[in-house]
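A.B. asks: Predicted model and sequence below, questions to follow.
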Amino acid sequence: MPLVEVIHPEGAFDADSKKLLLETLSATCLRWEGVDVNDTTQSVAWVYLDERPRDSVSAGGRLLAQNVYRVNVSVMVGFLDYERIDGMVREITDAILEADGTAGTGAARVFVIVNEVPSGTWGVDGRVWPSVFTAEAVGVDPERVKRMDVAIESRPRLDVTLT
């Protein structure tokens with residue numbers, strides 16, 4: 001259940017490139033999370049293309065010499081390991097640069113930040129969806145779910161009571 005936000009300067013993508021990114025980024029993230037891509041999982045894998053005025057984005061305090069992108073991918077903890085993160089970051093970067101269609105200057109262009117949300121702190125329509133519950137609901141391999149549960153239990157979220 002990734003939530004993907006691509007922040008980009010205005011004019012970076014044409015209509016066809018936007019459509020392609022909206023269609024592919026959610027599926028890309030789901031695959032790297034190890035989740036089957038189907039209508040149900042796609043319905044909760046949201047992508048936002050967040051266009052900003054060109055004069056509101058800079059690199060090093062200077063107006064842009066090339067398009068730059070910040071991609072925030074939020075996922076529930078337990079769905080990714082470093083190998084999966086690495087593959088997902090590469091594939092997202094490739095998709096954005098392909099949609100961009102320009103050569104660039106050789107300087108950094110795409111920052112991908114993966115935010116792993118602690119189990120029990122992700123809510124959908126007023127209900128908390130812990131990682132293990134979600135993994136079971138979307139049909140993740142039961143052995144992987146068991147490993148996820150053990151890992152999460154070994155490092156539980158720190159709860160500090162307010163009273």
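C.D. replies: Received the coordinates, thanks.
A.B. asks: which residues of this structure fall in helices?
C.D. replies: 15-33, 39-43, 82-100, 131-137, 142-154 (DSSP state H).
A.B. asks: Next, format the ones you listed as TSV and append mean neighbour count, mean pLDDT and distance to residue 57.
C.D. replies: Glycine gets a C-beta too; all of them are placed from N, C-alpha and C. Formatted as TSV, the helices of the chain follow (neighbours: other C-beta atoms under 10 Å; pLDDT from 0 to 100; distance: least, C-beta to C-beta, whole Å):
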stretch	mean neighbour count	mean pLDDT	distance to residue 57
helix 15-33	18	95	17
helix 39-43	13	91	30
helix 82-100	16	97	14
helix 131-137	19	93	34
helix 142-154	13	92	37
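A.B. asks: so which of the ones you listed gets nearest residue 7?
C.D. replies: Of all the helices of the chain, the one in closest proximity to residue 7, counting by C-beta to C-beta, is helix 82-100 (11.0 Å).
A.B. asks: tell me the angle of the closest one relative to helix 15-33?
C.D. replies: Helix 82-100 and helix 15-33 meet at an angle of 170 degrees, taking axes from the mean of the first three to the mean of the last three C-alpha atoms, to 10 degrees as the criterion.
A.B. asks: need the contact list for the most centrally placed residue in the chain.
C.D. replies: Nearest to the mean C-alpha position of the chain, counting by C-alpha atoms, centre = their mean, stands residue 73 at 2.3 Å. By C-beta atoms under 8 Å, 6 or more residues apart in numbering, residue 73 lies in contact with 2, 3, 4, 5, 29, 88, 92, 112, 113, 114, 115.
A.B. asks: Select, from these, the two members most distant in space.
C.D. replies: Top of the distance list for the contacts of residue 73 (C-beta to C-beta): 5 and 88, 14.6 Å.
A.B. asks: Surely residue 152 is in contact with residue 76?
C.D. replies: No: using C-beta atoms under 8 Å, residue 152 is not in contact with residue 76; the gap is 9.7 Å.
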